[in-house]
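Q: Quick one, fold the following:
(chains A, B, C and D)
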There are 2 protein chains.
Amino acid sequence: MRASDRAYGVLLEEIQSGTLAPGAVLGEVEQSTRLGVSRTPLREALGRLVSDGLVVQASPRVTVVSDIDAADIRALFDVRRALEETAARLAARQGDAAVFTALAAEFATTDAAADPDAYYALIGRFDAALDASVSNDYLTSALRTVRTHLVRVRRLARDNPARLAASVAEHRLIASALAAGDGELAAHATHVHLHNALTSILDSLEGTP
Amino acid sequence: MRASDRAYGVLLEEIQSGTLAPGAVLGEVEQSTRLGVSRTPLREALGRLVSDGLVVQASPRVTVVSDIDAADIRALFDVRRALEETAARLAARQGDAAVFTALAAEFATTDAAADPDAYYALIGRFDAALDASVSNDYLTSALRTVRTHLVRVRRLARDNPARLAASVAEHRLIASALAAGDGELAAHATHVHLHNALTSILDSLEGTP
DNA sequence: CTCCGCATTTGTGTATACACTGAGTCGCGA
DNA sequence: TCGCGACTCAGTGTATACACAAATGCGGAG
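A: A predicted model of the protein is given here:
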């Protein structure tokens, strides 16, 4: 495995988990020594993080972990809505019905509140099935960026059990609609789901600013 | 100006203009000597082009200029529709009406067939106004990628005068709708515009495969 | 003549040295 | 004492050297 990939992976995980808090300064020499790689692969990792939008160049000489506030989350969800509704319509038309039928069954039997990590893993498989169905690299790539930021957002706003249960039900409907080839229903269910998710996140942020 | 920026700019222009044809192999030593920079900044430029999707790693050892076919163009326009309709709705709500009124007037008096370059420059200013109005970095960033690819597509499919004239009229309607704050009209007009643009491009490609 | 294996070569991945810029600080003068 | 200027230093941008891996070509053996 390449050193630049390892550096990128470590930094990505640390930013997403909050170990590297927003505003943290990422000096090249400091991080390269800490991660045990030289500056060259570390610079490549930083470049990828910049293009992801997870770190920004505060000044020509200092790069910091980007901040994220309620306005950013709203903006992120505006893009997410656009992309995921499109993905839903395309997947309903082109996707493998059996795959989404199976996923719908999994959503029906999952207790998200009991094991959130397993639920997020299921979401991951659902997203992967969606990506495979749309077979549109431009869309998949754009969604990848959105999801990268979404990991941070999820960490900021702790999901409550009631919201998780509702989210499962919403995903089950989306998966069923995709299995049935009903693109309109899938798109509208996605819209509703994202609306509820955003509302829940913003409400959660209200309490802990 | 940084050497890596120059290398990126030159390579971007050459790929978009077709000087570097799809499939062209981009060796690091070859390109670095040709562009007069060392391998380090050239690698950074290649990395940015990879994240843009303009070049791909054909194998672990060889990076080539990415190809683009009709299926890619359809996929690109699926994403473009999603993003630009969203941008239109947001701009209609938040944008400065005066700016779009002025742009609508410019579209009304522009003869695209007479001076295509001036027309594309006007489109550029329209896009910039749209970006400023939505004030959503995630959306703007995603649109930037789409537009980067679109430059290549435009080159592949020579626009005909009739299509250019129709395109101007469509943009005029979109700008008017944005000035009037009518997000639904703006979004639907955008949808129609993109449908017509895609149809024209694909028709143009039919003739010259 | 063909096929297999080894060597050479080409090209990328990584490390490091050097150069340059920008900021901060210390000192000198008013 | 305050302000301006120069110097120093930290840190990034760039170049280059080294290491390693893969592909290709050549030679020998069957």
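
Q: where exactly do the helices run in chain A?
A: Counting by DSSP state H, chain A has helices at residues A:3-17, A:28-35, A:39-52, A:70-94, A:97-109, A:116-134, A:137-156, A:161-180, A:183-207.

Q: Single out the most deeply packed of those helices.
A: Mean neighbours per residue, mean count of other Cβ atoms under 10 Å in any protein chain shown, is largest over the helices of chain A for helix A:70-94, with a mean of 21. For every residue, glycine as well, the C-beta is placed using N, CA and C.

Q: does chain B sit close to it?
A: Yes - Helix A:70-94 comes into contact with chain B (Cβ under 8 Å from any Cβ of the partner chain), by way of A:72, A:75-76, A:78-79, A:81-83, A:85-86, A:90.

Q: dump the residue contacts of residue A:129.
A: Residue A:129 makes contact with A:91, A:95, A:99-100, A:103, according to Cβ atoms under 8 Å, 6 or more residues apart in numbering or on different chains.

Q: I'd like those residues as JSON lines, with distance to residue A:26 and pLDDT appended.
A: Shown next, in JSON lines, are these (distance: Cβ to Cβ, whole Å; pLDDT from 0 to 100):
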{"residue": "A:91", "distance to residue A:26": "37", "pLDDT": "98"}
{"residue": "A:95", "distance to residue A:26": "40", "pLDDT": "96"}
{"residue": "A:99", "distance to residue A:26": "40", "pLDDT": "98"}
{"residue": "A:100", "distance to residue A:26": "41", "pLDDT": "98"}
{"residue": "A:103", "distance to residue A:26": "38", "pLDDT": "98"}
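
Q: Let's have those residues in JSON lines, adding distance to DNA strand C.
A: Shown next, in JSON lines, are the contacts of residue A:129 (distance: Cβ to the nearest atom of the strand, whole Å):
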{"residue": "A:91", "distance to DNA strand C": "33"}
{"residue": "A:95", "distance to DNA strand C": "34"}
{"residue": "A:99", "distance to DNA strand C": "34"}
{"residue": "A:100", "distance to DNA strand C": "37"}
{"residue": "A:103", "distance to DNA strand C": "36"}
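
Q: Distance-wise, check the spatially most central residue of chain A relative to DNA strand D.
A: In chain A, the residue lying closest to the centroid (Cα atoms, centre = their mean) is residue A:147, at 2.0 Å. Separation of residue A:147 from DNA strand D (Cβ to the nearest atom of the strand, to the nearest Å) stands at 28 Å.

Q: hang on, isn't that residue packed against residue A:128?
A: No - contact criterion Cβ atoms under 8 Å: residue A:147 and residue A:128 do not qualify, at 10.8 Å.

Q: Flag every residue of chain A that's near chain B.
A: A:40, A:43-44, A:47-48, A:51, A:53, A:72, A:75-76, A:78-79, A:81-83, A:85-86, A:90, A:135-139, A:141-142, A:145-146, A:149.

Q: show me what contacts the nearest residue to residue A:194 once chain neighbours are set aside?
A: Excluding the flanking residues, the one nearest residue A:194 by Cβ to Cβ, 6 or more residues apart in numbering or on different chains is residue A:81, at 5.1 Å. With contact taken as Cβ under 8 Å, 6+ apart, residue A:81 is in contact with A:190-191, A:194, B:86.

Q: And for residue A:62?
A: Residue A:62 sits next to A:25, A:27 when contact means Cβ under 8 Å, 6+ apart.

Q: got it, and the one 10 residues further on?
A: With contact set as Cβ under 8 Å, 6+ apart, residue A:72 has these partners: B:137-138.

Q: can you list the weak-confidence ranges in chain A?
A: A:208-209 (pLDDT under 70).

Q: ok, which residues in it are in contact with DNA strand D?
A: A:27-29, A:39-40, A:43, A:60-63 (Cβ under 7 Å from any atom of the strand).

Q: Out of those, flag the one nearest to residue B:171.
A: Residue B:171 has its nearest neighbour among those in residue A:60, at 37.0 Å by Cβ to Cβ.

Q: The closest one - how many residues pack around it?
A: Each residue near residue A:60 was counted by other Cβ atoms under 10 Å in any protein chain shown, and the total is 7.

Q: do you know how far it is from residue B:137?
A: 19 Å (Cβ to Cβ, to the nearest Å).

Q: next one: phi and psi at residue A:20?
A: Note on residue A:20: its backbone torsions stand at phi -100, psi 100 [degrees, to the nearest 10].

Q: What separation do you get for it and DNA strand D?
A: Using Cβ to the nearest atom of the strand, one obtains 14 Å as the distance from residue A:20 to DNA strand D.

Q: From residue B:50, how far out is that residue?
A: 24 Å.

Q: Repeat that for residue A:175.
A: Residue A:175 sits 33 Å away from residue B:50, taking Cβ to Cβ as the criterion.

Q: cool, residue A:168 as well?
A: Distance from residue A:168 to residue B:50, by Cβ to Cβ: 37 Å.

Q: With residue A:181 instead?
A: Counting by Cβ to Cβ, the gap from residue A:181 to residue B:50 is 35 Å.

Q: Residue A:14 too?
A: 23 Å.

Q: And for residue A:47?
A: Distance from residue A:47 to residue B:50, by Cβ to Cβ: 10 Å.

Q: Same check on residue A:127?
A: Separation of residue A:127 from residue B:50 (Cβ to Cβ): 22 Å.

Q: same check, this time on residue A:138
A: The separation that residue A:138 has from residue B:50, given Cβ to Cβ, amounts to 14 Å.

Q: same question, residue A:142
A: Counting by Cβ to Cβ - residue A:142 and residue B:50 are separated by 16 Å.

Q: Having no further points to raise, I will conclude here.
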